[in-house]
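A.B. asks: A predicted structure for the sequence below; I have some questions about it.
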Number of protein chains: 2
Amino acid sequence: MSDTSEQEQPRRRQARGERRIAQLLTAAAQVFCTTGYTAASTNAIAREAGVSPGTLYQFFPNKEAIAVELGDRLMHEMRETYGEVLTPVDPATSLEEAVGSAVDRFMAFNTEHPVFFALMHGPDVPGRIADAHDQLHTTLIGRIEDLLASLLPRSSPADITRTAHVCLGVYKAGLELVLAHEGAERTAYVQEVKNVLTRYLQPLAGDRPGAA
Amino acid sequence: MSDTSEQEQPRRRQARGERRIAQLLTAAAQVFCTTGYTAASTNAIAREAGVSPGTLYQFFPNKEAIAVELGDRLMHEMRETYGEVLTPVDPATSLEEAVGSAVDRFMAFNTEHPVFFALMHGPDVPGRIADAHDQLHTTLIGRIEDLLASLLPRSSPADITRTAHVCLGVYKAGLELVLAHEGAERTAYVQEVKNVLTRYLQPLAGDRPGAA
DNA sequence: CAAGAATGCGAGCGACCGCTCGTGTTTGTC
DNA sequence: GACAAACACGAGCGGTCGCTCGCATTCTTG
């Protein structure tokens, strides 16, 4: 039973190979960003990276694996940069501060890695990536629920869940607007996203500081 | 000059043809809804309609024309059902009433024609449809700006424009959530969308009735 | 420096997709 | 019923895309 499962580990990579992988992932990010996942051809990714199609398939078994590896690395960098997503609670912070810092963190990451949004938002992504997407989505919703549970003590669990989905949806919509603008206008949109969320949550909050 | 442009009008349709067209558009709506535009194959549409690929191309010059015609008919039905989108102003209505009625109208249309959202939301749609999408988007933003200009007299034009984009984005995000649920939960999400918008706009509103 | 492994190439295979075309069937008109 | 136009069919053409394979090159290792 144990030998029937193929382990493909004995593949020893050289430094050149690791460089090629990084190069290919960068190229893939570029192409995914501009054309989306399904429309992105592996030949185009190879061309963008300046290598042949055969070289690409030396390092990735198929097109999906490229996106999966890219997603994994982004996820890892996100966790590394921001520690744990959405620090659970801090009873002293106001609603505005909590929302503001959460939005700033996510916006910073997403504007620095636009591929993330492109991969997660596209309705075309196949099996494995959709799974990762759902998993991230569920995790995120859970975190937001925890955050909201402490911020909005008067709400029922079902209401908390619904509110969490609304918050995430609003954030995603705001992200799209933010990514579509630059400079001062972008900053203004970030502020608007914070406004929408704080004003939405304010009436639900208990005796929090910072109420208008 | 006048005869160089080809007029393809002399194509006289029989009742059977009109029926086939409606049948094909219904099938296309179904397929577009489940797979999106690009992933939808014309053969699949023909199969869904129970006809051969050749028959499909008897009535539509290409795949894009199917989506365009579908979009045109939806647009026409939207205008016919709701007269003009977003009745400009009514100085006596409260902010809650204005937001509530606008959201209800759009939600009713979009839940009855999920294709509309699928066609407008997909990042994959090609030229002509993207044009129609942009045109609708611009028109909608303009209407919302007009509405907001009378509701929020203290805001500058630039702020109005930004606020309009935020409102439309929030609505689209809410629509996605609404379409993902059914029954009582769906109703609850509709209410949440209204809550988000009213609470967002409330602090900007002048001496409107209905303020909390 | 040899030998083997890892890397690199690019023509091309198989599958699918948008679309066509030759042919046969149904419908409207006289 | 005769004739033409509209409708219907489905095999298949041209093109793209994901991916492979045979072979050349570069690196590592003893």
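C.D. replies: Now that the structure is in, tell me what you want to look at.

A.B. asks: I'd guessed residue A:194 sits against residue A:97; true?
C.D. replies: No: taking contacts as C-beta atoms under 8 Å, residue A:194 lies outside contact range of residue A:97: 10.3 Å. Backbone N, C-alpha and C define where each C-beta goes, glycine included.

A.B. asks: neighbour-wise, which of these two wins?
C.D. replies: More crowded of residue A:194 and residue A:97, by other C-beta atoms under 10 Å in any protein chain shown: residue A:194, with 19 against 14.

A.B. asks: How about the contacts made by the residue most central in space within chain A?
C.D. replies: Centroid-nearest residue in chain A: residue A:116, 5.0 Å away (criterion: C-alpha atoms, centre = their mean). By C-beta atoms under 8 Å, 6 or more residues apart in numbering or on different chains, the residues touching residue A:116 are A:71, A:74, A:78, A:109, A:110.

A.B. asks: Give me the buried positions along the longest helix seen in chain A.
C.D. replies: As assigned by DSSP state H, the longest helix anywhere in chain A is helix A:127-151. For helix A:127-151, the neighbour count (16 or more other C-beta atoms under 10 Å in any protein chain shown) marks A:129, A:132, A:133, A:136, A:140, A:143, A:144, A:145, A:147, A:148, A:149, A:151 as buried.

A.B. asks: now do stretch A:14-23
C.D. replies: For stretch A:14-23, the neighbour count (16+ other C-beta under 10 Å) marks A:20, A:21 as buried.

A.B. asks: Next: stretch A:103-118.
C.D. replies: A:103, A:105-107, A:109-111, A:113-118.

A.B. asks: picking up where we left off before, can you list the helices and strands that the longest helix of chain A packs against?
C.D. replies: Contacts defined by 3 or more C-beta pairs under 8 Å, 6 or more residues apart in numbering or on different chains; DSSP states H and E place helix A:127-151 against helix A:63-82, helix A:95-112, helix A:114-121, helix A:157-179.

A.B. asks: Not counting sequence-adjacent ones, nearest residue to residue A:145?
C.D. replies: The shortest distance from residue A:145 to any non-neighbouring residue, by C-beta to C-beta, 6 or more residues apart in numbering or on different chains, is to residue A:164 (4.8 Å).

A.B. asks: dump the residue contacts of that neighbour.
C.D. replies: Residue A:164 makes contact with A:141, A:144, A:145, A:148 under the criterion C-beta under 8 Å, 6+ apart.

A.B. asks: low-confidence ranges in chain A?
C.D. replies: Filtered on pLDDT under 70, chain A yields the residue ranges A:1-10, A:84-90, A:206-212.

A.B. asks: quick one, domains of it?
C.D. replies: A:15-60, A:67-204 (automatic domain parsing).

A.B. asks: Please tell me how far the longest helix of chain A is from the chain's geometric centre.
C.D. replies: 11 Å (C-alpha atoms, centre = their mean, to the nearest Å).

A.B. asks: Kindly report the same for stretch A:111-123.
C.D. replies: For stretch A:111-123 - counting by C-alpha atoms, centre = their mean - the centre lies 7 Å from the chain centre.

A.B. asks: likewise stretch A:110-129?
C.D. replies: Centroid separation between stretch A:110-129 and its chain, computed with C-alpha atoms, centre = their mean, is 7 Å.

A.B. asks: ends of it, how far apart?
C.D. replies: 18 Å (C-alpha to C-alpha, to the nearest Å).

A.B. asks: Using PDB, list the CA coordinates for stretch A:165-175.
C.D. replies: Output of stretch A:165-175 as PDB, limited to C-alpha atoms (Å, rounded to 0.1, in the frame of the first residue of the first chain):
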ATOM      1  CA  HIS A 165     -20.400  38.400   5.100                       C
ATOM      2  CA  VAL A 166     -21.600  41.900   4.500                       C
ATOM      3  CA  CYS A 167     -18.400  43.400   5.800                       C
ATOM      4  CA  LEU A 168     -16.200  41.200   3.600                       C
ATOM      5  CA  GLY A 169     -18.400  41.900   0.600                       C
ATOM      6  CA  VAL A 170     -18.100  45.700   1.200                       C
ATOM      7  CA  TYR A 171     -14.400  45.400   1.600                       C
ATOM      8  CA  LYS A 172     -14.000  43.500  -1.700                       C
ATOM      9  CA  ALA A 173     -16.100  46.000  -3.500                       C
ATOM     10  CA  GLY A 174     -14.100  48.800  -2.000                       C
ATOM     11  CA  LEU A 175     -10.900  47.000  -3.000                       C
END
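
A.B. asks: Identify the residue spatially nearest to residue A:165, adjacent ones excluded.
C.D. replies: Computed as C-beta to C-beta, 6+ apart, the closest residue to residue A:165 that is not its neighbour in sequence is residue B:177, at 5.8 Å.

A.B. asks: closest to DNA strand D out of the helices and strands packed on helix A:127-151?
C.D. replies: helix A:63-82 (3.3 Å; C-beta to the nearest atom of the strand).

A.B. asks: hmm, the closest one in reach of DNA strand D?
C.D. replies: Yes: using C-beta under 7 Å from any atom of the strand, we find that helix A:63-82 touches DNA strand D at A:63, A:64.

A.B. asks: contacts for that helix?
C.D. replies: Contact with helix A:63-82 is made by A:21, A:24-25, A:28-29, A:32, A:37, A:40, A:42, A:45, A:56, A:60, A:85, A:105, A:109, A:113, A:115-116, A:119, A:125-129, A:132, A:136, as judged by C-beta under 8 Å, 6+ apart.
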